[in-house]
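predicted coordinates and the sequence they were generated for:
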Amino acid sequence: MEAFTNAELFPREKYLKKIRGFYHECEIIKVITGVRRCGKSSLMKLMAKEIMEAGVPAENILYLNLDKRPYHKLSSPEELDALFEKHISSDGKTYLFIDEIQNVRDFETVLNAWREEGNVSIFITGSNSYLLSGELATKLTGRYIEFNVLPLSFDEYLGMKAFLGKTVSSDSLTELKNYILEGGFPYTVRLDSLSDKRTYVQGLIDEIYQKDIKKRLRIKNKSIFDTVMVYIINNFGSTTSIQNIVDDLAKNKVSVKRETVNKYIEALKSAKILMECKRFDMKSRKSLSGEKKYYLSDLSFYYALNTDNRINFGPTLENVLYTYAASRDYEISVGKIGTLECDFILRDRELSYAYVQVAYTVLESQKTEDREYRSLESIKGDNYPRYVMTMDTLLQKRNGILHVNLADFMKNNETF
């Protein structure tokens, strides 16, 4: 334990509090998922530290990173089982933390067997899309719960900067622009140069392709995959469909089948680069097939592929809010209200809703204000809160709709 509990780790409380209630559960395997380098390993170390500080002896806490020595060559279930047999304590409950579990084939059989022992609390992580697929549910026989971790949300970004002793501006807009351009990967917060941050994320994109996508898909032409990936990333927040993508690429003399585009999008979703936001018809109360929006788990994926630092605040602020809401476990969809559209419908675990419009400002003109308020004003029949979220510092009231400053809302870690 000593090697990883004394490390300087930013406490990501919003995720720790979701998992604490399951620390001592041996019947349920805790699966920590998320895009590579988002902080899953650090989160597991924080959990292990909390468990030890609660009085569990260090010898009853086992942490294994299967990407690192001396375990990086371990690949068979027999080897994994023998390793557990050697280290799992026979005296009391053992807390087993395994990083990059997918490196071992058929790991599920081993985990299931040790779970049946009744005295082992198991936590696993993995970025490979194998771990995120439906196969996991089948092979772990439903005895697991998934906790999805995102890169730092805006409030966490500010918290980690302060934790590291870095200067944090009192101006929320300044810091939000920094967050947008730098991204929320924990390691990049430690770096000072924007160029170094971009280089890091560019390397991460290559790593995700090699370790999470290439291993799962038979990609015959990587340039086609790259073209589709760049297209989707560059059009984050835009309403699109598979056919739209095929047609747009054809205009640029790139011929690709619908099935191929769909397969690549699914791979990017499984690797946790993309997050799909479905459209929901508020009159019929049904999801709409066809057109969808895709947001990025971190905006640095966009800026790593584009050298232009200009910010298109429309989709960018939507993306920032989307990841903030997702980190708080809201279910998110785009609302269609007749011919109008509400940027987001949010639903929490208690099945309460909130309706949100996102814009840089509504004070530019009366036309702009009317455009952002109109869809919210057309929502009838419930008393759920309605928000217009902007970067305006002057806020107004209109027909019971809450006008709030988006940066301050997230900075204060508020709920909808």
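Perfect, thanks for sending it.

just give the closest residue to residue 189, not the sequence neighbours.
residue 160 (5.0 Å; Cβ to Cβ, 6 or more residues apart in numbering). Yep, even glycine has a C-beta here, placed from its N, CA and C like the rest.

how near is that neighbour to residue 191?
Between residue 160 and residue 191 the computed distance is 12 Å (Cβ to Cβ, to the nearest Å).

who's more crowded, those two?
residue 160 (20 against 15; other Cβ atoms under 10 Å).

which strand in this protein has the most residues?
The strand that spans the most residues within the chain, counting by DSSP state E, is strand 286-296.

return the set of buried residues in it.
Neighbour counts over strand 286-296 (16 or more other Cβ atoms under 10 Å) mark 291-296 as buried.

again with stretch 158-172
Applying 16+ other Cβ under 10 Å to stretch 158-172 flags 158-161, 168, 172 as buried.

any idea how far it is from the chain center?
On the basis of Cα atoms, centre = their mean, to the nearest Å, stretch 158-172 sits 22 Å off its chain's mean C-alpha point.

same question for stretch 66-75.
Using Cα atoms, centre = their mean, the offset of stretch 66-75 from its chain centre is 26 Å.

now the end-to-end length of it.
9 Å (Cα to Cα, to the nearest Å).

could you pull up the mean pLDDT of that stretch?
What stretch 66-75 shows for mean pLDDT is 89.

got the buried residues for that stretch?
In stretch 66-75, counting by 16+ other Cβ under 10 Å, buried: 66, 71.

same check, this time on stretch 24-34
Within stretch 24-34, judged by 16+ other Cβ under 10 Å, the buried ones are 26, 29-34.

same question for stretch 189-196.
Under 16+ other Cβ under 10 Å, the buried positions of stretch 189-196 are residue 189.

residues in contact with that stretch: which ones?
152, 157, 160-161, 164, 166, 181-182, 197, 200 (Cβ atoms under 8 Å, 6 or more residues apart in numbering).

farthest-apart pair in those residues, please.
Taking every pair in the contacts of stretch 189-196 and measuring Cβ to Cβ, the maximum separation is 18.0 Å, between 164 and 181.

one step back: distance to residue 211 and secondary structure added to the contacts of stretch 189-196, as JSON lines?
Output for those, formatted as JSON lines (distance: Cβ to Cβ, whole Å; DSSP: H, G, I helix; E, B strand; the rest coil):
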{"residue": "152", "distance to residue 211": "22", "secondary structure": "coil"}
{"residue": "157", "distance to residue 211": "26", "secondary structure": "helix"}
{"residue": "160", "distance to residue 211": "25", "secondary structure": "helix"}
{"residue": "161", "distance to residue 211": "29", "secondary structure": "helix"}
{"residue": "164", "distance to residue 211": "28", "secondary structure": "coil"}
{"residue": "166", "distance to residue 211": "30", "secondary structure": "coil"}
{"residue": "181", "distance to residue 211": "26", "secondary structure": "helix"}
{"residue": "182", "distance to residue 211": "24", "secondary structure": "helix"}
{"residue": "197", "distance to residue 211": "21", "secondary structure": "helix"}
{"residue": "200", "distance to residue 211": "16", "secondary structure": "helix"}
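
nearest to residue 308 among those residues?
Distances from residue 308 to the contacts of stretch 189-196, taken by Cβ to Cβ, are shortest for residue 181, at 10.8 Å.
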